[in-house]
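Enquirer: My questions are about this predicted structure, shown below with the sequence.
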Amino acid sequence: MKQPIIEFKNVVKSYGETQVLKGVDLEIEAGKFYTLLGPSGSGKTTILRLVAGFSSATSGDILFEGKRINDVPANKRRVNTVFQNYALFPNMNVFENVAFGMNLKGTSKAKIKTKVTQLLAMVRLAGYENRNIDELSGGQQQRVAIARALANDPEILLLDEPLSALDYKLRKEMQYELRELQKNLGITFIFVTHDQEEALAMSDWIFVMNEGKILQNGTPVDIYDEPINRFVAEFIGESNIVNGVMLEDYLVSFAGSTFENVDAGMRPNEQVDVVLRPEDLDLTTPENGKLVVTIDAQLFRGDYYEISAHDDNGNEWRIQATNSAQINTRQGLTFDPEDIHIMRFNESEDDFDARLDNYEEVGEMDE
Ligand SMILES: Nc1ncnc2c1ncn2[C@@H]1O[C@H](COP(=O)(O)OP(=O)(O)OP(=O)(O)O)[C@@H](O)[C@H]1O
């Protein structure tokens, strides 16, 4: 890996007795789109504030390109923030808002004009220079806030739930726009959200947080396909999670039957959580199914049927099926060995990564 642009080493942040960050380690590479994803209160904003220099770590090191910046003040960091409420100046027009920082620094009038014009074009607001802030839609205000944050050429743009005030359609549009903007600018974005769909859609890399800790980090596909534990599996998309036992390598038992799978390296008869994603399940005849379930309910979702069912061991199953099923009928459930995801209890991220590496090597040898 290249020298990270930002590194946290065992960073703790406490308010009084309460630790809101409990020893966070993270590495951010330049030029990528990172997302901090987690429920309210998990510490996402606290991390952004530490990167920006708005608050200081209780212990641990924060590095910028390898140099410790714990004591570097916010205005000396090449970082800028877009806040949830945009924090625009209501008494200034669009041009003045974007020009604000450059005016403070005493940049020449001609340079400011060129820069503001360029930035407004970039966020698709050319021609809006003289508009008042209260004459703009939420999405347009958001774009002004982004243009203003980019005005002093930050190397890192921090975005704290910047889309949460927008309606669904505008939010989707802005997701595309932000992603494009990041690619075109080539600077590092650190984006905060509690919306897993948004995180999966936009990010190169996601940090999943809960209670002041990073539980897992990886690409959206890694995190979706191989959640490290029950919390991540439930937080990222819908999952079926049932109790199971790894009988031996590549053999797991759950819901009263035994199945071949692709996981190895656990203790014989180790208790585990088994995750099966609804979209990896399908229905067939009871004779052809790996498990037999009884259909409880069904919703038509446009491109699939969302079906609730239960098996004879009392496990509930959520299935995204291509065909509809009759309520109260018995149906077979099918899935592939590689769609069975095994989660150990309290596994550390390092052990989890080692196990996946091992599995990938075994997979390669088999081919
Ligand atoms: N100045 C403060 N004094 C005391 N506690 C604080 C302070 N700032 C934040 N906290 C606490 O730190 C924890 C983490 O807060 P943080 O804002 O980082 O969470 P978050 O994941 O960004 O949540 P949200 O999505 O709600 O913004 C919360 O429990 C919060 O109450």
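Expert: Cool, the structure landed. Numbers count the residues shown, from 1 in each chain.
Enquirer: what sits up against stretch 172-185?
Expert: Under the criterion Cβ atoms under 8 Å, 6 or more residues apart in numbering, residues 33, 122-124, 139, 142-143, 146, 150, 157, 159, 162-163, 166, 189, 191, 198, 201-202 lie in contact with stretch 172-185. All C-beta atoms are positioned from the backbone trio N, CA, C, and that covers glycine.
Enquirer: what's around residue 298, how many residues?
Expert: 17 (other Cβ atoms under 10 Å).
Enquirer: Same question for residue 94.
Expert: Applying other Cβ under 10 Å, I find that residue 94 has 26 neighbouring residues.
Enquirer: which phi and psi does it have?
Expert: phi -60, psi -50 (degrees, to the nearest 10).
Enquirer: check contacts around it.
Expert: Here residue 94 is in contact with 120, 125, 128, 129, 130, 131, 133, 136, 144 (Cβ under 8 Å, 6+ apart).
Enquirer: how would you label the last one: helix, strand or coil?
Expert: Put simply, residue 144 is helix when judged by DSSP: H, G, I helix; E, B strand; the rest coil.
Enquirer: for the fourth one, same thing?
Expert: When the structure is reduced to helix, strand and coil (three-state DSSP), residue 129 reads as coil.
Enquirer: What pLDDT is listed against residue 346?
Expert: pLDDT for residue 346: 68.
Enquirer: Offset the numbering so it begins at 340, please.
Expert: In the new numbering, first residue 340, that becomes residue 685.
Enquirer: Quick check, residue 483 in contact with residue 461.
Expert: No: assessed by Cβ atoms under 8 Å, residue 483 is found out of contact with residue 461, at 11.7 Å.
Enquirer: More neighbours: which of these two?
Expert: Neighbours per residue (other Cβ under 10 Å) separate residue 483 from residue 461, with residue 483 holding more: 24 against 16.
Enquirer: Let me know the distance separating the more buried one from residue 602.
Expert: Residue 483 sits 50 Å away from residue 602 when distances are taken as Cβ to Cβ, to the nearest Å.
Enquirer: Where does the prediction get shaky in the stretch 540-689 of the chain?
Expert: Across the stretch 540-689 of the chain, the ranges flagged by pLDDT under 70 are 685, 687.
Enquirer: Alongside the ligand, which residues does this structure contribute?
Expert: 354, 359, 377, 379, 380, 381, 382, 383, 384, 385, 533 (Cβ under 6 Å from any ligand atom).
Enquirer: could you show me where the strands are in the stretch 440-589 of the chain, in order?
Expert: Secondary structure of the stretch 440-589 of the chain (DSSP state E, counting those that start in this stretch): strands at 495-499, 527-532, 544-549, 552-557, 579-587.
Enquirer: Tell me who's in contact with whatever residue of the stretch 590-706 of the chain ends up closest to the ligand.
Expert: Closest residue of the stretch 590-706 of the chain to the ligand, Cβ to the nearest ligand atom: residue 688 (19.2 Å). When contacts are counted by Cβ under 8 Å, 6+ apart, residue 688 touches 553, 554, 555, 556, 567.
Enquirer: can you tell me the residue of the stretch 390-539 of the chain closest to the ligand?
Expert: Closest point on the stretch 390-539 of the chain to the ligand, by Cβ to the nearest ligand atom, is residue 533, at 5.2 Å.
Enquirer: Need the nearest residue in space to that residue, chain neighbours excluded.
Expert: With sequence-adjacent residues excluded and distances taken as Cβ to Cβ, 6 or more residues apart in numbering, residue 533 is closest to residue 378, at 5.7 Å.
Enquirer: what's the average pLDDT for stretch 435-443?
Expert: 92.
Enquirer: Just the buried residues of that stretch, please?
Expert: Using 16 or more other Cβ atoms under 10 Å as the test for burial, stretch 435-443 gives 435, 436, 437, 438, 439, 440, 441.
Enquirer: ok, and what's touching it?
Expert: In contact with stretch 435-443 (Cβ under 8 Å, 6+ apart) are residues 427-428, 431, 450-451, 454-455, 458-459, 472, 483, 486-487, 490-491.
Enquirer: Derive a ChimeraX selection command for the buried subset of these.
Expert: ChimeraX command restricting the contacts of stretch 435-443 to the buried ones, with burial defined by 16+ other Cβ under 10 Å:
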select :427,451,454,455,458,459,472,483,486,487,490,491
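Enquirer: Now tell me which of the contacts of stretch 435-443 the prediction trusts least.
Expert: residue 491 (83).
Enquirer: How much space separates that one from residue 481?
Expert: Distance from residue 491 to residue 481, by Cβ to Cβ: 19 Å.
Enquirer: what's the answer for residue 348, then?
Expert: Following Cβ to Cβ, the distance that separates residue 348 from residue 481 is 34 Å.
Enquirer: More neighbours: which of these two?
Expert: A direct count of neighbours by other Cβ under 10 Å for residue 348 and residue 481 places residue 481 higher, at 26 against 16.
Enquirer: Before we move on, what's the pLDDT of that one?
Expert: 87.
Enquirer: Just flag the most distant two among the contacts of residue 433.
Expert: 459 and 472 (13.8 Å; Cβ to Cβ).
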